[in-house]
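1. coords please:
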Amino acid sequence: MSMDCPTTEWAVDDIDRMLELLKVVESPDFVAFTWPDLPERTENGVRVLQMPYPVYLEAVDQLWKALYDTTAYIDPYAPLPENPTQDGMLFSVLGAHFPPDYFETATLNQVRRYLVLCTRGERFCDGHIAGEFESGALHAALARLKQIRSELQ
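-> Prediction:
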């Protein structure tokens, strides 16, 4: 399970592990992240500005770990057979936007890819996952995963 050797199937036990995190996310008092107050400071008489960054709840870190340590991992940049083509061009995730309503009909692998893409986005942009929580997309993806899982029984 890596970028070089992604798994084909997402094992049901690993889906269930991911859905344990959905229980945390659905809690009414769930807060996925906070933005810490960063102190102003001066070095050598020059005001230093530090870019803000989110501090994620442990459940977000567990989600990240579960994506890479289980059969959940999928190549996030590879096209999926169920993706539509536009004007004969294969779907590309680069620059793609995944609003919450995307997940109403998303397949298991589309949800899987999105979750891995969230971690890739965070690596390149502090706060990406925070934005996905704020937009409702991450919750919608996990809710769709729960729906798909119920159909697997």
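
2. how near is the residue lying closest to residue 49 once chain neighbours are set aside to residue 146?
-> Once flanking residues are discounted, residue 49 sits nearest to residue 40: 8.0 Å by C-beta to C-beta, 6 or more residues apart in numbering. No exception for glycine: its C-beta is placed from N, CA and C like everyone else's. Applying C-beta to C-beta, to the nearest Å, the value for residue 40 to residue 146 is 44 Å.

3. Which of those two has more residues huddled nearby?
-> Set residue 40 next to residue 146 and count neighbours by other C-beta atoms under 10 Å: residue 146 wins out with 15 against 9.

4. in what helix or strand does that one lie?
-> Residue 146 is located in helix 137-151, with elements delineated by DSSP states H and E.

5. outside of that helix, which residues touch it?
-> The contact list for helix 137-151, computed with C-beta atoms under 8 Å, 6 or more residues apart in numbering, reads 12, 15-16, 18-19, 21-22, 25-26, 32, 98-104, 106-108, 111, 114-115, 118, 129, 132-133.

6. could you pull out the helices for the chain?
-> Taking DSSP state H as the criterion, the chain carries its helices at 12-25, 58-69, 108-124, 128-135, 137-151.

7. mind showing which ranges of the chain have poor pLDDT?
-> Along the chain, the parts satisfying pLDDT under 70 run over 1-7, 85-90.

8. Much appreciated, bye for now.
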